[in-house]
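Asker: Just the structure for this:
(chains A and B)
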Amino acid sequence: MASKFSLKLGKVKARKKSAVTAEDDERSTIAAATKCVTEWTAWGLQKGKVITHYGFIPLIIIIGMKSEPRPSLAQLLSPV
Amino acid sequence: MSNFNAPPPATAPMPPATEPQKVYFLNLPCPIPYEEIHREALMSLKPEVFEGLRFDFAKGLNQKFSLSHSVIMGPTEIPSQSSDIVKIPTANYEFGANFLDPKLMLIGRVLTDGRLSARIKCDLTENLTVKGNAQLTSEPHMSHGLINFDYKGKDYRTQVQLGNGALVGASYIQSVTPHLSLGGEVFWAGQHRKSGIGYAARYNTDKMVATGQVASTGMVALSYVQKVSEKVSLASDFMYNYMSRDVTASVGYDYILRQCRLRGKIDSNGVVASLLEERLTMGLTLLLSAEIDHWKKDYKFGFGLTLGE
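Answerer: Here you go, the predicted model:
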């Protein structure tokens, strides 16, 4: 009887533990997901910053050279 | 009996008594954007004084597209621990490209040490505008970026601002009468763990502008600008920080004459500053700038030349 009781207790404890670990698992996956998202956004922002740093002025020049009336390359490079 | 001549009637007819104009509260003008609320005062009281030589050449390739070359040589202040002012001489060449379209504006400037300053303004629809501003350097953690979304309503404006370092801000300004507009702003800076709320009011007529601004960071700023004539405006400003008990008052003038523009101010910190921009001929402008800080004994004089429109 006592053994049955203790077995039952053991089972209940095991079930509780498994429920608790399931919650823990869920929390840790959410934490892992947010960590992943923040890491990737940080990586993206870093790459975006480098691209903007090198590419912003060439972008303005390309957009300007395509606008009407089209300036020529000589006009772009000459100092006058 | 000769009649006494009645005094001749007034030759000019009496002007009709003007009735006070009826205010249509549903038809108020759109207010000034919240960050420009002190605009007239800042034009007189914060002229862009510089130190050293400045040479700008602006070359237009197109109606919308232009390049600019600038050479700037002069001492630059570096922050020092002691109260002495430490300046080191620097010389920089700055290349810039501008694209100005009614709907899209792109301005980029890059210095010889690799610092880029970029500004973008794009009108997505008639009322919604996106503005971005960034200062990028190669050094880590020294770059800043800010992006604003502005919405302009019939008699109000709202703005949402996002910046790096987890900065979020929002502001709203509304015209309350044809002359008075009131606004408020709130911001939260995640990195410095600071947040604040502020209110501003602006009363303007054709001849004067009075503004007041209070913020929870402890700043109280009041300013008054009087447009004395077409060519002359006088401005005064009072700034008080109730946390750090710092008070500054300044008085300034702005003369816009045919060939030149002269701005100057005098301050309660013992600073006298002045900036002259004179158009010598078409396309050639001379700049003379001076700022004298009597208490810190810091004297800054600059001269410059600008070629191009």
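Asker: okay, residue A:10: pLDDT?
Answerer: Looking at residue A:10, its pLDDT is 62.
Asker: where does chain B come near chain A, residue by residue?
Answerer: Neighbours of chain A within chain B, by C-beta under 8 Å from any C-beta of the partner chain: B:59, B:61-62, B:64-65, B:67, B:95, B:97-99, B:101, B:106-108, B:110, B:116, B:118, B:134, B:136, B:138, B:143, B:145. Glycine gets a C-beta too; all of them are placed from N, C-alpha and C.
Asker: which among those end up buried?
Answerer: B:59, B:61-62, B:64-65, B:67, B:97-99, B:101, B:106-108, B:110, B:116, B:118, B:134, B:136, B:143, B:145 (16 or more other C-beta atoms under 10 Å in any protein chain shown).
Asker: where in the stretch 1-150 of chain B is pLDDT low?
Answerer: Along the stretch 1-150 of chain B, segments meeting pLDDT under 70 span B:1-21.
Asker: Report the distance from the one helix or strand residue A:21 maps to to the chain centre.
Answerer: Following DSSP states H and E, one finds residue A:21 within helix A:2-66. On the basis of C-alpha atoms, centre = their mean, to the nearest Å, helix A:2-66 sits 8 Å off its chain's mean C-alpha point.
Asker: which secondary structure elements does the helix or strand just after that helix contact?
Answerer: Going down the chain from helix A:2-66, the next helix or strand is helix A:73-77, by DSSP H and E. Helices and strands touching helix A:73-77, as assessed by 3 or more C-beta pairs under 8 Å, 6 or more residues apart in numbering or on different chains; DSSP states H and E, are absent.
Asker: now stretch B:211-229, how far from the centre of its chain.
Answerer: 13 Å.
Asker: How about residues contacting stretch B:221-238?
Answerer: The contact list for stretch B:221-238 (C-beta atoms under 8 Å, 6 or more residues apart in numbering or on different chains) reads B:38, B:40-41, B:43-45, B:206-213, B:239-240, B:247-257, B:265.
Asker: Likewise for stretch B:187-195?
Answerer: B:161, B:165, B:166, B:167, B:168, B:169, B:170, B:186, B:196, B:197, B:217.
Asker: So among these, where is pLDDT lowest?
Answerer: Among those, residue B:165 has the lowest pLDDT, at 79.
Asker: Am I right that that residue falls within a helix?
Answerer: No. Under DSSP: H, G, I helix; E, B strand; the rest coil, residue B:165 sits outside any helix and is assigned coil.
Asker: any idea how far residue B:247 is from residue B:88?
Answerer: For residue B:247, the distance to residue B:88 equals 32 Å [C-beta to C-beta, to the nearest Å].
Asker: try residue B:52
Answerer: Relative to residue B:88, and taking C-beta to C-beta, residue B:52 is found at 12 Å.
Asker: between these two, which one's more packed in?
Answerer: Between residue B:52 and residue B:88, counted using other C-beta atoms under 10 Å in any protein chain shown, the more crowded position is residue B:52 (19 against 8).
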